[in-house]
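> Structure of the sequence below:
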Amino acid sequence: MKKIFLLVIIVLIFFHSSIIKAQEKNIIETSVAMMAKIGACWSPTFSPDGQTVAFISNMNGVPQIWTIPRAGGWPTLVTSLEDPINSVKWSPNGKWLSFSMSPGGGMNQQIYIVRPDGSDVTLLTGGGNETNRLGNWTSDGRKLMMSSNRRLPTSMDAYLIDIEDVKLELISKSKGIGSFSDITNDGEYALLNRLESRGSNDLFLIQTKTGQEKILTDHKGPGTFFGQFSSNEREIYLGFNKNRDLVAFGKIKLKKQDQPGPIEVLLERADAELESFKLNNDATLAVLIWNVYGRNELSIYDLEKHEVIKNNISLPSEIVRGIDFSKNGKWITLELSGATTPRDIWILNTETYEFRQLTFSPHAGVDLKTLISPKLVSFSAHDGLKLTAWLYQPKSSSYKPGPVVLSFHGGPEGQERPRFRSDYQALLAQGISILAPNVRGSSGFGKKFVNLDNGELRFNGIKDIKSCIKYVINSEIADPQRIGIMGGSYGGYMVMAGLAYYPDLISVGANLFGVVNFETFFANTEPWMAAISTIEYGDPKTEKDLLRSLSPIHKVDQVRAPTIVLHGANDTNVPVVEAEQVVENLKERDVPVEYILFPDEGHGFRKTINRIRSTTSIVNWFVKYL
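Have a look, this model is predicted:
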């Protein structure tokens, strides 16, 4: 009888424990799902009268076009399509909104126009597998600038689309990626941005009727250039790093027969790179966005007086994107976001320099005031190179070593910034710290730094992973037995490299659509992507041995850590074969692995329902194994 009684007690205890664990899991998943549901608004564009702003938001689950009065109010949904929309631009005559959309979330973007009331949705490109990129409108609102690889899969050429007869006119053929940055009011000349290899582009002056071109930024080695025409269209304002390390603001004067003069420096900073700029409608003012270790600073430059009239405008959030002037120049609409503030549209008054929030991305169940901001830290790599990182630590941290996840950005020439990351905040809520480094090869730190991982130098980039681990251990942030690693795209490459090269130092990994085999990557990625990536990674025709040695798949037998792999079935940037190779090997060796394939996503996860699943799966994985 006593044995039966004890057995009943044991069963009840086990049952009660199972219920508690199930409840705890449900609580975690519910809180993580609320974090993943937080919305975003981006790509603001003014109507010609400046009274309305169109933008993109995922408020209804899939990124679509919305409009809202500049004075504020309730947003109106313009499109309700199945696939995610990437960007939107209002035509100068006010009749149309142009937008690009990604079928199935893939790279083969298509370009459309739609009336501001949502009617007359019209496809301008041919559909199919070609990649198209949306540019700006011509000043009369009759044509759109775009680039496409429809002529040759390995190149992106520059086109003009006449929207009345839906006719595409090829203006400039390119080796690599060519796209129009600007066009004169009479349509006679265009400014072409051409990138033949990652890390180096040039600006060209193009005669649109003949296609004749003149290089404006001739240089040797790596270089970054972006620009716009001046008001008289005989000068070009530009960001540039020719003969310098950090990108500065300058201009080029066009001489007789359109010969370019030397680049004149207008504004430079020793502590920051110029990230982008935008001219007002009459090209008398420029808004300059500076990148300071990943945070943005904003200044206004008077192009007539050649002086800064407002420096370092106080920003409500850390990151600025998507600037657009109203036609009268009185208002600027822009996207602001930060580590604790979702992406939203704001209005800046150019007379008072006061900001007003226009959109309010939904965050049901999440008090934004409780979210955690990171601090910028620095440490040395194995060779003495200074590295920086954003360190996020839970508020309840007792400052004892605990679980830490290293998070690596994509690119590789991307940059880790204090932007809003629902996955970071969800991990922090579970007591897990995050170190998000900018290892060598990251942008935002100058021309030299961004090129320190090219070709064979990538082995040093892999060693930076160990330097990050050393930092979190020596700083008593991490328990050496509780270190994880995560990243997407090239960040996924770093995940698999870290797990393979340092199996004794990393306990768990999350690989999101990452490259693992450069041979299969070059064979299966978009042809134009392969063409521009040979200097960055290595040439598959002449450097097969190097690419093989750099590919984590050939060391994947060393991976022992539980690994979750997430990928989009329609990813043509990093094709799904990269994920399948990892999963197959880990399963064969009985290494714990979970594989999640999203049938309706491409390179990254855009739909809210999929972001919820990916975030909850990643957080649960780290909670389980850390």
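> Backbone dihedrals for Gln280, please?
To be clear, residue 280 is Asn; Gln isn't right here. When read as degrees, to the nearest 10, the backbone of Asn280 gives phi -70, psi 180.
> no no, Val247
phi -70, psi 130.
> do you know how far it is from Gly261?
From Val247 across to Gly261, the span is 20 Å (CB to CB, to the nearest Å). For the C-beta atoms, the positions are set from N, CA and C on the backbone; glycine is no exception.
> Need the residue closest to the centroid of the protein.
Nearest to the mean C-alpha position of the chain, counting by CA atoms, centre = their mean, stands Gly414 at 7.3 Å.
> Helix, strand or coil: sort out that one for me.
Here Gly414 is recorded as coil under DSSP: H, G, I helix; E, B strand; the rest coil.
> next one: Tyr471
Assignment for Tyr471 (three-state DSSP): helix.
> Next up, the contacts around Leu285.
The contact partners of Leu285, taken as CB atoms under 8 Å, 6 or more residues apart in numbering, are Leu279, Ile300, Tyr301, Asp302, Leu303, Ile309, Gly329, Thr350.
> ok, what's across the strand from it?
Asp302 (DSSP bridges).
> Isn't Leu428 up against Tyr392?
Yes - the pair Leu428 / Tyr392 is scored as a contact, 5.8 Å apart, by CB atoms under 8 Å.
> hey, what's in contact with both of the two?
With CB under 8 Å, 6+ apart, Leu428 and Tyr392 have common neighbours Ile372, Ile434.
> for the residue nearest to the centre of the chain, what are its contacts?
With CB under 8 Å, 6+ apart, Gly414 has these contacts: Ser442, Ser443, Tyr490.
> ok, now with 10 Å
Gly414 is in contact with Phe408, Asn438, Gly441, Ser442, Ser443, Gly444, Val450, Gly488, Ser489, Tyr490, Gly491, counting by CB atoms under 10 Å, 6 or more residues apart in numbering.
> ok, back up a step: mind giving me the PyMOL command for buried ones among the contacts of Leu285?
The PyMOL selection below is limited to those of the contacts of Leu285 classed as buried (16 or more other CB atoms under 10 Å):
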select buried, resi 279+300+301+303+329+350
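> Go through the contacts of Leu285 and name the one nearest Asp464.
Closest to Asp464 out of these is Tyr301 (36.0 Å), distances taken as CB to CB.
> Quickly find the element holding Asp202.
Counting by DSSP states H and E, the secondary-structure element that holds Asp202 is strand 200-207.
> To what extent is Gly104 buried, counted in neighbours?
By the criterion of other CB atoms under 10 Å, Gly104 has 18 neighbours.
> can you check Glu536 too?
Neighbour number of Glu536 under other CB under 10 Å is 19.
> Let's verify it: helix, strand, or coil?
Taking three-state DSSP, the label given to Glu536 is helix.
> Take the contacts of Gly414 and keep only those in strands.
Members of the contacts of Gly414 lying in strands (criterion: DSSP state E): Phe408, Asn438, Gly488.
> Which one (most neighbours) among those?
Among the ones in strands among the contacts of Gly414, Phe408 has the most neighbours (other CB under 10 Å), with 32 neighbours.
> Residues in a beta bridge with that residue, which ones?
Under the criterion used (DSSP bridges), Phe408 bridges to Gly487.
> What residues does Ser396 make contact with?
For Ser396, the contact set (CB under 10 Å, 6+ apart) comprises Leu428, Ala429, Gly431.
> swap that for Lys242, sorry
202, 217-221, 223-225, 248, 250, 262-263, 447.
> do Lys310 as well
By CB under 10 Å, 6+ apart, the neighbours of Lys310 are Leu285, Val287, Leu298, Ser299, Ile300, Tyr301, Asp302, Thr350, Tyr353.
> Same check on Glu130?
Contacts for Glu130 (CB under 10 Å, 6+ apart) come out as Met107, Asn108, Gln109, Gln110, Ser148, Asn149, Arg150, Arg151, Pro153, Met156, Glu526, Trp528.
> That one - nearest residue in space that isn't next to it in sequence?
Nearest residue to Glu130, sequence neighbours excluded (CB to CB, 6 or more residues apart in numbering): Arg150, at 4.5 Å.
> same check, this time on Ile434
Closest residue to Ile434 apart from its sequence neighbours, by CB to CB, 6+ apart: Tyr392 at 4.3 Å.
> Tally up the residues packed near that neighbour, please.
The tally of other residues near Tyr392 (other CB under 10 Å) stands at 25.
> And Ser314, by the same measure?
Neighbour count of Ser314, defined by other CB under 10 Å: 9.
> got it, and the one 4 residues further on?
Using other CB under 10 Å as the criterion, Glu318 is surrounded by 22 other residues.
> Please list all residues in contact with it.
292, 294-297, 336-341, 373-374, 417-420.
> where along this protein do the helices fall?
Using DSSP state H, the helices assigned to the chain run over residues 2-36, 422-429, 447-450, 458-474, 490-501, 518-524, 527-532, 534-537, 544-550, 577-588, 608-625.
> circling back to that earlier point, nearest to Phe325, of the contacts of Glu130?
Distances from Phe325 to the contacts of Glu130, taken by CB to CB, are shortest for Gln109, at 25.6 Å.
> ok, now which ones touch the closest one?
Gln109 makes contact with 83, 85-87, 99-103, 125, 130-134, 146, 148, 602 under the criterion CB under 10 Å, 6+ apart.
> Neighbour-wise, which one of the contacts of Glu130 leads?
Met156 (30 neighbours).
> Identify the bridge partners of that residue.
Counting by DSSP bridges, the residues bridging with Met156 are Ile177.
> could you check the distance from it over to Asn149?
Distance, Met156 to Asn149, by CB to CB: 5 Å.
> Not counting sequence-adjacent ones, nearest residue to Phe55?
Pro44 (4.7 Å).
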